[in-house]
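A.B. asks: Pasting the sequence and the predicted model now:
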Amino acid sequence: MNPRYQNRIELLQGTLDLLILQTLLWGEQHGYGISQVIRTQSGDVLQVDTGSLYPALHRLEKQKWIKSEWKLTENNQRAKFYQLTAAGRKQLAEERSRWTQMSDAIAAVLKPMRAQ
């Protein structure tokens, strides 16, 4: 196995949406910027490729959880910038709640079994 991918973690279905919404809570960002924030914030463990990111962004935009606008980047490149909508903030809160519930449940299963 390629060492570069050895510690790579595949994202659970729906987790990418949560990460994108959370990233946009911190401010508007273009697609590449979103993937860089996710990579940096996760200590290089989570790496989102464009084949996953852009379909997710389009899906979130279709659901009106994010909106986009063409702007110039710091390097004078035209890019689509995404930002969270009010509906997206509400969805983020629901997704975070579900994530907490799921991670707590997984942690409970991973604990050593208590004597009955």
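C.D. replies: Done, it's in.
A.B. asks: For the residue nearest the centre of the chain, I want the exact helix or strand it lies within.
C.D. replies: Central residue check for the chain by C-alpha atoms, centre = their mean: the C-alpha nearest the mean position is that of L19, 2.0 Å away. Counting by DSSP states H and E, the element that carries L19 is helix 15-25.
A.B. asks: buried set for that helix?
C.D. replies: 16-24 (16 or more other C-beta atoms under 10 Å). Backbone N, C-alpha and C define where each C-beta goes, glycine included.
A.B. asks: Mind giving me the packing neighbours of that helix?
C.D. replies: In terms of contacts (3 or more C-beta pairs under 8 Å, 6 or more residues apart in numbering; DSSP states H and E), helix 15-25 is packed against helix 31-41, helix 50-62, strand 66-72, strand 78-84, helix 86-110.
A.B. asks: Name the residues that touch the longest one?
C.D. replies: Where contact means C-beta atoms under 8 Å, 6 or more residues apart in numbering, the residues beyond helix 86-110 that reach it are 14-15, 17-18, 21-22, 24-25, 60, 63-66, 84.
A.B. asks: switch to 7 Å and redo it
C.D. replies: 17-18, 21-22, 25, 64-66 (C-beta atoms under 7 Å, 6 or more residues apart in numbering).
A.B. asks: And stretch 34-43, by the same measure?
C.D. replies: 19-20, 23, 29, 46-48, 53.
A.B. asks: And that stretch, what's buried?
C.D. replies: Under 16+ other C-beta under 10 Å, the buried positions of stretch 34-43 are 34-35, 37-38.
A.B. asks: Please spell out the segments of this protein that come in under the pLDDT threshold.
C.D. replies: For the chain, applying pLDDT under 70 flags the ranges 1-13, 115-116.
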